[in-house]
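J.: model the structure of this input:
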Amino acid sequence: HLLHGVTGAGKTEVYIRLIERVLAQGGMALVLVPEIALTPQTAGRVQSRLGAANVAVLHSGLTAAQRNSAWASVLDGSTRVVVGARSAIFAPIENLGLVIVDEEHDSSYKQDQLPRYNARDVAIVRAHTAGCPILLGSATPSLESWANVETGRSKLWQLPERVGGGKLPKVRIVDMITERQQFADLHHCAPPAELLVGPTLERALERILTEGGQAVLLLNRRGLAGFVGCTSSKCGWVLECHHCSTRMVLHKMPSLAAGGYVRCHHCSAEQKMPAKCPDCQSRLRQFGAGTQRAEEVVEAVTQKMPKACHLTAGETLVRVDADAMRSGREAFETLARFARGEIRVLLGTQMIAKGLDVPNVRLVGVLSADTALNLPDFRAGERTFQLVSQVAGRAGRGQYPGQVIVQTFEPDAPAIVLAADHDYHTFAQEELTLRKSIGLPPATRMARIVCRDKDLAKARAGAQTIADAASEMVERGLISLMGPMPCPIERIADHFRIA
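T.: Sure, this is the predicted structure:
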């Protein structure tokens, strides 16, 4: 079953009522959520209705003793409901009567390290094995799940309106080219290379903070700057990871007077930020801002506003990303403070784009809707639509109307325009038609085989051996074959990658 409900439509209430029905019949239930940060909120609602003793919470933020205790209570049947993140799919539930996957579209359900698995797909198999229903819920279902509805493999249930007659927030798309010109006219100077808070968003933020509201600001890129390069046009040097075919990301660290350190987001290698270009000794420049830079910018912008709007990093303005939140407990406490109103502005990556239900959030700002739009991934448009739609849904969940401002250099991109219109049906129809026309999933099945080796020649030879072995199936028309070819990131952690 697929439950497609707009943000704030009451999908969690549907989950709880179904769980109550299963418990009344003597069964047990499993509820998966995509992020550790969302586990306490979902578990809290389930526990308040079903009793804390009946609900086990499983996620990687637990201590070994807590995990063992929860696991044992599920195994002996004393706890009949399990709520947890990805790994909770392996909970030892004997009499499984219902499986629920919340935010089923979320890529966090995929584990990209050994053992590799997709918890959503494992959940489907486990439900089929147990002979029980499975409910996939989302405001922006994956196109794979939507295609299953069209082919009759899944039954569709819809919640097209918010609970209590609430309205979806108004979404305004602002063109950052126009915003840069407005900034220049207002301040009589050239805008910064990365204009993170344009005039439109700044005015909206000032109004919301003056009225006592809260705001959520999304920038799905970590760090201080995306990469560091030489300022000399004749040089062109860029700081790259010694172990990967990718640029290193600049992060700030107060203890380093030189201004920070650079980190590879693929192999986690780190080094101090160089003072000058090692090739020509020219000055270095930072390109592409991340959440650490956004935190500085938002704090500086609010200092120019009336005193009631002033924000201080770490108190009324808090950054939520993988660098700032070192543990699941820290993320839980931060989101709890935001729910209590102690934090006025929550700035972060996709971690804050889903599941948050705070009635006083009156403004959502997407600082850059383009971060995922042009990635070398056929799902780039789908993920952009999902991210913008999901974070927009955090606004206007209480008595105050919500406003969403989406900053972009591509205001006419279909994924952004349709997300602003809250029009999932049109997006899904157009995207599925496109995928079918060029033979991409879910119209077809696709498998990627990657050969990894520290020796590039061995990696290439291994990939060619597999391609040769598949040639007979290609000739018989059973499969089509692309490659061998280097992966978009050819080398990670000293291993070359040929697909």
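
J.: what about the strands in the stretch 101-250 of the chain?
T.: Under the criterion DSSP state E, counting those that start in this stretch, the stretch 101-250 of the chain contains strands at 110-111, 117-118, 134-138, 156-159, 170-175, 214-218, 225-230, 249-251.

J.: I'd like these laid out as TSV, including distance to residue 186, mean pLDDT and mean neighbour count.
T.: Using the backbone N, CA and C atoms, a C-beta is placed for each residue, glycine as well. Shown next, in TSV, are those (distance: least, Cβ to Cβ, whole Å; pLDDT from 0 to 100; neighbours: other Cβ atoms under 10 Å):
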stretch	distance to residue 186	mean pLDDT	mean neighbour count
strand 110-111	44	92	14
strand 117-118	48	95	16
strand 134-138	40	97	24
strand 156-159	43	97	15
strand 170-175	14	96	18
strand 214-218	20	96	26
strand 225-230	25	92	21
strand 249-251	29	94	23
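
J.: got CSV for these, with distance to residue 382 too?
T.: Converted to CSV, the strands of the stretch 101-250 of the chain look like this (distance: least, Cβ to Cβ, whole Å):
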stretch, distance to residue 382
strand 110-111, 14
strand 117-118, 16
strand 134-138, 12
strand 156-159, 18
strand 170-175, 18
strand 214-218, 17
strand 225-230, 23
strand 249-251, 25
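
J.: report the central residue of this structure.
T.: residue 350 (3.5 Å; Cα atoms, centre = their mean).

J.: surely it and residue 388 touch.
T.: No - between residue 350 and residue 388 there is no contact under Cβ atoms under 8 Å: 10.9 Å.

J.: so where do the helices sit in this protein?
T.: 11-24, 39-50, 64-75, 119-130, 143-150, 176-187, 199-210, 291-303, 328-340, 380-392, 414-420, 424-438, 456-469, 471-475 (DSSP state H).

J.: between these, which gets nearest to residue 365?
T.: Among the helices of the chain, the nearest to residue 365 by Cβ to Cβ is helix 199-210 (4.9 Å).

J.: just the angle for the closest one relative to helix 291-303, thanks.
T.: Per axes from the mean of the first three to the mean of the last three Cα atoms, to 10 degrees, the angle that helix 199-210 makes with helix 291-303 is 70 degrees.

J.: so who does the residue nearest to residue 147 when sequence neighbours are not counted touch?
T.: With Cβ to Cβ, 6 or more residues apart in numbering as the criterion, residue 147 has its nearest non-adjacent residue at 4.1 Å, and that residue is residue 442. Residue 442 makes contact with 143-144, 147-148, 432, 435 under the criterion Cβ atoms under 8 Å, 6 or more residues apart in numbering.

J.: repeat that with 6 Å
T.: When contacts are counted by Cβ atoms under 6 Å, 6 or more residues apart in numbering, residue 442 touches 143-144, 147.

J.: now the residues you listed in a markdown table, with pLDDT, neighbour count and distance to residue 252?
T.: Formatted as a markdown table, these follow (pLDDT from 0 to 100; neighbours: other Cβ atoms under 10 Å; distance: Cβ to Cβ, whole Å):
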| residue | pLDDT | neighbour count | distance to residue 252 |
| --- | --- | --- | --- |
| 143 | 97 | 20 | 38 |
| 144 | 96 | 15 | 39 |
| 147 | 96 | 19 | 44 |
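
J.: so residue 302 touches residue 308, yeah?
T.: No - Residue 302 lies out of contact with residue 308 (Cβ atoms under 6 Å); the separation is 9.9 Å.
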